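Trainee: turn this into a model:
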Amino acid sequence: FDRIGTQDSEYVFTLGQLKAMRTEVSKMRIKYSSGAWANNKNAQDIVSYFDEYIVDITNEVTKKEINFVPTPAPNEDYKTELYAWYVGIGRAGRYPREKMEAMAGMWDKVKHLYDE
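Mentor: I've put the predicted structure just below:
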């Protein structure tokens, strides 16, 4: 392809995302290959493209399952690095602890991000 922007090789999907994509494409294939669409030339063209996509996605799923890479262990420095990044972009202190504690229903979701 002769286009500007993200290259195809830069798109990386998780195994779960690929399976969800395959499921959705399969649903669309079923929809456009039956009922009122069965005799529609454009719909049948789309179905042939869906067939190709299903094969491509299935091949990617198979590659991921064969070469499964486990989720890496949590990075102990992540919280420190994240905070340093926020400081670096001038956003540190945007959500002070007192403000977050006062927000109904929010504190339980974010308290792990604050020092005890």
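
Trainee: what kind of secondary structure is the residue of the chain most remote from its centre in?
Mentor: Centroid-distance maximum for the chain: Asn39 at 35.1 Å, with CA atoms, centre = their mean. With DSSP: H, G, I helix; E, B strand; the rest coil as the basis, Asn39 sits in coil.

Trainee: which stretches of the chain have low pLDDT?
Mentor: For the chain, the stretches flagged by pLDDT under 70 are 1-2, 115-116.

Trainee: my read: Phe50 touches Lys27, true?
Mentor: No: Phe50 is beyond contact range of Lys27, at 9.6 Å (criterion: CB atoms under 8 Å). Glycine gets a C-beta too; all of them are placed from N, C-alpha and C.

Trainee: comparing the two, which residue is more hemmed in?
Mentor: More neighbours surround Phe50 than the other of Phe50 and Lys27, with 19 against 11 (other CB atoms under 10 Å).

Trainee: what residues does that one make contact with?
Mentor: Neighbour list for Phe50: 25-26, 28-29, 32 [criterion: CB atoms under 8 Å, 6 or more residues apart in numbering].
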